[in-house]
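K.L.:
3D model of this:
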Amino acid sequence: MHKNYEYLFRVDGSHQLGLGHIFRTKTLAKYLISKGKNTLYVFRENENVRRLIENIDYFTIKADIKLEEELNIILNLVRKHQIKTIINDLLFYDEDYLQSLSDFDVKLVTFHEDRISDPSSDLVINYNTFNKALDKNNSHNNNCLGPKYCIFPDTLTEKESINIKNNVKKVLLSFGGSDPCDYTTKIAKLMINNHNLLDQIEEIIVHLGPSNRQLENIYRLMEKSDIKINIKHKVRDLHSIMIQTDLALSSGGNTMYELCYLGIPTIIFPQNAHQEVFAKELSDHQLVSLISRKNCNNEKYILKLLIKLIINKSLRKRMNQSSIKIFDPNGVRRVGEAIFCL
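P.N.:
Numbers count the residues shown, from 1 in each chain. As a prediction, this is how the structure comes out:
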């Protein structure tokens, strides 16, 4: 007898795509499972994704699979396992993909990065800080839109108080699961080479995600550094590291929202165009500081902003107080309840 699943998650992750889609849907899947709902993951073959899924049932498809073949596989899974709802979390959607899924006699839930509606989906989830997402008068149109639906990992459910100190002694570098723009090495090298201007800093904590390929580069930098470099690789609880830091430099994905939730003053380096949009909205509301993509290689500009935040406690305090007002740990419950109501 085949096992039946209420929910099928169609998600991908890789070095180029990053792993944020995997992390957030894993949290949602665990929530659904805790409510007695069986879930099945479908993803393109990737060993890092396979390890992250852990104890959740999954089905892999070929990395180079064609759209028609993928749709046939999903349809067969729907029929075989009596799936009621498909939850999509992909960075890009083929224009025919969602329309085809909507013909499968299932409910369709879709995570979007830059859209707040689509005609094929029964529920759209977009918790990014798109334009006016922080406006309290923003209408949600029955979809899950804006930061109140931000899905944080289980380790963040208990918020700890962050104390803004006079001196910035520990700085965290965390640029996502893969860091396709190689910010980790660039920024660590910049800080090491300008230690005389950053003499408050006693330790750089370098978090390398599961698909980050810069481990050897960081080890080489350690040999030349007057600043202590503490490498954190294959971390299961990043948040226990985050709360020990005075300042963070991060990409504009899920980690950015987690740092805001904890109230840690942060400089954002977007990995792509849509991350820059989300980070700019936060920056415009003084929740983070933003290094735009056009300035991401401008060392003087980066150094000037870094020094400004280090020496200006009141600015860091203002960022802390603003960001903790926006985010809370109940996003996964809100999303789950919206899915149950379909």
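
K.L.:
which secondary element of the protein has the worst mean pLDDT?
P.N.:
Every helix and strand in the chain was compared by mean pLDDT, DSSP states H and E; the lowest is helix 215-224, with a mean of 83.

K.L.:
Show me what counts as buried in it.
P.N.:
Across helix 215-224, burial judged by 16 or more other CB atoms under 10 Å covers Ile218, Leu221, Met222. Any C-beta I mention is one placed from the backbone N, CA and C, and that applies to glycine too.

K.L.:
Let me see the mean pLDDT of the helix or strand following it.
P.N.:
Next helix or strand after helix 215-224 toward the C-terminus (DSSP states H and E): strand 228-233. Strand 228-233 shows a mean pLDDT of 89.

K.L.:
If you count contacts, what does strand 228-233 end up packed against?
P.N.:
strand 203-208, helix 215-224 (3 or more CB pairs under 8 Å, 6 or more residues apart in numbering; DSSP states H and E).

K.L.:
Past it, which element shows up next along the chain?
P.N.:
Next in sequence after strand 228-233, counting helices and strands by DSSP H and E, comes helix 238-242.

K.L.:
who touches that following helix?
P.N.:
With contact meaning CB atoms under 8 Å, 6 or more residues apart in numbering, helix 238-242 is reached by 153, 155-156, 172, 174, 205, 207, 232, 235, 248, 255, 258-259, 262, 264.

K.L.:
and what of stretch 301-315?
P.N.:
With CB under 8 Å, 6+ apart as the criterion, stretch 301-315 contacts 164-166, 168, 187, 190-191, 194, 197-198, 200-201, 247, 249, 265, 267, 289, 291, 295-296, 316.

K.L.:
what's the answer for stretch 73-82, then?
P.N.:
For stretch 73-82, the external contacting residues (CB under 8 Å, 6+ apart) are 2-5, 8, 10, 40, 42, 59, 61, 65, 83, 86, 101, 104-106.

K.L.:
Narrow the residues you listed to those that are buried.
P.N.:
Applying 16+ other CB under 10 Å to these flags Tyr5, Leu8, Arg10, Leu40, Val42, Ile61, Ile83, Ile86, Leu101, Phe104, Val106 as buried.

K.L.:
Quick check: of the residues you listed, which lies closest to Phe327?
P.N.:
Arg10 (26.8 Å; CB to CB).

K.L.:
What residues does that closest one make contact with?
P.N.:
Arg10 neighbours (CB under 8 Å, 6+ apart): Val42, Phe43, Ile74, Ile86, Ile87, Asn88, Asp89, Leu90.

K.L.:
Would you mind reformatting those residues (as CSV) and adding columns for secondary structure while you're at it?
P.N.:
Output for the contacts of Arg10, formatted as CSV (DSSP: H, G, I helix; E, B strand; the rest coil):
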residue, secondary structure
Val42, strand
Phe43, strand
Ile74, helix
Ile86, strand
Ile87, strand
Asn88, strand
Asp89, strand
Leu90, coil
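
K.L.:
Now, of those, which are buried?
P.N.:
Val42, Phe43, Ile74, Ile86, Ile87, Asn88, Asp89, Leu90.

K.L.:
Against Ser14, how distant is the fifth one?
P.N.:
Spelled out, it's Ile87. Note on Ile87: its distance to Ser14, by CB to CB, to the nearest Å, is 19 Å.

K.L.:
Also the first one?
P.N.:
Taking CB to CB as the criterion, Val42 is separated from Ser14 by 15 Å.

K.L.:
how about the helices of this protein, start to end?
P.N.:
Along the chain, counting by DSSP state H, helices occupy 20-34, 47-53, 67-81, 97-101, 183-193, 215-224, 238-242, 254-262, 273-284, 299-311, 313-323, 331-340.

K.L.:
Can you say which of these is nearest to Tyr127?
P.N.:
The minimum distance between Tyr127 and these falls on helix 331-340, with 6.4 Å, by CB to CB.
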